[in-house]
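Visitor: show me how the following folds:
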Amino acid sequence: MSGKEIVHKILLAGIILFQFGLVFEARAQEEAFPNRPVQVIVAWSPGSAADVSARIVAPYLEKYFKQPFVIVNKPGGGARLGYTMIAKAKPDGYTIGQLSSVFSLGFIVERAAPPEYTYDDFEPICGFVKLSALIVVNADAPWKTLQELVADAKTKPGSIRYSTQGHGCVYHVAMIDFCNKAGIKLTHIPQTGVGAVVSTLLGKHVELAMVATTLGHLPAGRVRALAVATEQRLKRFPDIPTVIESGYNLVCDPYSGHVVPKGVPKKIKEKLTRGHMQVLKENEKPISDAFLKLDEELVILNADEYAKIQKRHYDFSMRYKGVELD
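Guide: Numbers count the residues shown, from 1 in each chain. Sure thing, here's the model as predicted:
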């Protein structure tokens, strides 16, 4: 064997050993996961439904995984800023995100530039929140029912204003759908978060709003709900009729859960899903009770189940592609 052949074999053996080393290192990292804090990016402002639910679940995850789950709020651009950060994060499992199942609505909203992420840039871990969609007015508003609001709106098209969490958000699209079915025209005043929506309503800058939570103002009597856009009445507020019961076929049921950026190793994703599912099942009562106070419902969906809901809402979003949202 010549000297060149010996050198070639030594180099080849070195490359093989190096590759094996990388494989063993990757496996060791997967087995040790997590061995440092996990960042949870929430694309909405503090106090929003997504933010509060993330903070309710985080302590239970910390206890299970024995590492901090740090909530990081990144609001802006109708959640685009936060969703972009999730999608572009290093795919090692140490950055996860709170993602709404209706995130794909962002693809249909006309802006200066399209989102920096695609539908396939997120991989579901677990779904755990089902949000309500309340149509609310001030406590002293003249309308006691949704039918009364519709009747009044028909006499003065465009003069009644409503607020949501942003142009193109699920509640904005749901209100457009409602207006079309009711044959009325309302004027949309978008805000940047649920706190701003409620403040705008309480300050009487708008006449009504559609929100996931009223931040305690509903049970306190400062606002009144005309209807809830869910299939069934809310357990906490059984006297509030659904939009369907009020005569309009509308259901708005966004879900929220945790995702990771595409490319996270399979074993780490499975470990995250397994941990989430165990945490939610073992602590179902306290988490459910905390969610109900926010007008939210606890659901326990594994990665595949949450992915199916995301796909259903993606298909819904594409129905509005090219439709002008006013």
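
Visitor: got a list of contacts for whatever helix or strand Ile268 lives in?
Guide: Assigned by DSSP states H and E, Ile268 belongs to helix 266-282. Contacts with helix 266-282, where a contact means C-beta atoms under 8 Å, 6 or more residues apart in numbering, come from 30-31, 33, 57, 60-61, 63-65, 92-93, 96, 123, 125-126, 128, 258, 260, 287, 298, 300, 302-303. The C-beta positions use only the backbone N, C-alpha and C, and glycine is treated the same way.

Visitor: tell me the contacts of Ala89?
Guide: 39, 41, 95, 97, 261.

Visitor: picking up where we left off before, quick one: mean pLDDT over the helix holding Ile268.
Guide: The average pLDDT within helix 266-282 is 98.

Visitor: got the buried residues for it?
Guide: Residues 268-269, 271-273, 275-277, 279-280 are the ones in helix 266-282 that count as buried (16 or more other C-beta atoms under 10 Å).

Visitor: would a markdown table of the residues you listed with distance to Pro142 be doable?
Guide: Putting the buried residues of helix 266-282 into a markdown table (distance: C-beta to C-beta, whole Å) gives the following:
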| residue | distance to Pro142 |
| --- | --- |
| Ile268 | 55 |
| Lys269 | 52 |
| Lys271 | 55 |
| Leu272 | 50 |
| Thr273 | 49 |
| Gly275 | 50 |
| His276 | 46 |
| Met277 | 48 |
| Val279 | 46 |
| Leu280 | 43 |
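
Visitor: for the stretch 101-250 of the chain, which segments are assigned as strands?
Guide: Ranges of strands in the stretch 101-250 of the chain, per DSSP state E, counting those that start in this stretch, are 122-131, 134-138, 161-164, 187-190, 208-211, 223-228.

Visitor: check which strands are paired with the first one and give the direction for each one.
Guide: Read that as strand 122-131. As defined by DSSP bridges, the strand partners of strand 122-131 come to strand 255-261 (antiparallel), strand 296-301 (antiparallel).

Visitor: buried set for the helix or strand just after the shortest one?
Guide: Meaning strand 296-301. Using DSSP H and E, the helix or strand that follows strand 296-301 towards the C-terminus is helix 303-318. By neighbour count with 16+ other C-beta under 10 Å, helix 303-318 contains the buried residues 303, 305-307, 309-310, 313-314, 316-317.

Visitor: with just CA atoms, put helix 303-318 into PDB.
Guide: The C-alpha coordinates for helix 303-318 follow below in PDB (Å, rounded to 0.1, in the frame of the first residue of the first chain):
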ATOM      1  CA  ALA A 303     -49.800  17.800  17.300                       C
ATOM      2  CA  ASP A 304     -51.800  16.000  14.600                       C
ATOM      3  CA  GLU A 305     -55.100  17.200  16.000                       C
ATOM      4  CA  TYR A 306     -54.000  20.800  16.200                       C
ATOM      5  CA  ALA A 307     -52.500  20.500  12.700                       C
ATOM      6  CA  LYS A 308     -56.000  19.500  11.300                       C
ATOM      7  CA  ILE A 309     -57.600  22.500  12.900                       C
ATOM      8  CA  GLN A 310     -54.900  24.800  11.500                       C
ATOM      9  CA  LYS A 311     -55.600  23.300   8.000                       C
ATOM     10  CA  ARG A 312     -59.300  23.900   8.400                       C
ATOM     11  CA  HIS A 313     -58.700  27.500   9.200                       C
ATOM     12  CA  TYR A 314     -56.200  27.800   6.400                       C
ATOM     13  CA  ASP A 315     -58.900  26.700   4.000                       C
ATOM     14  CA  PHE A 316     -61.300  29.300   5.500                       C
ATOM     15  CA  SER A 317     -58.700  32.000   5.100                       C
ATOM     16  CA  MET A 318     -58.200  31.100   1.400                       C
END
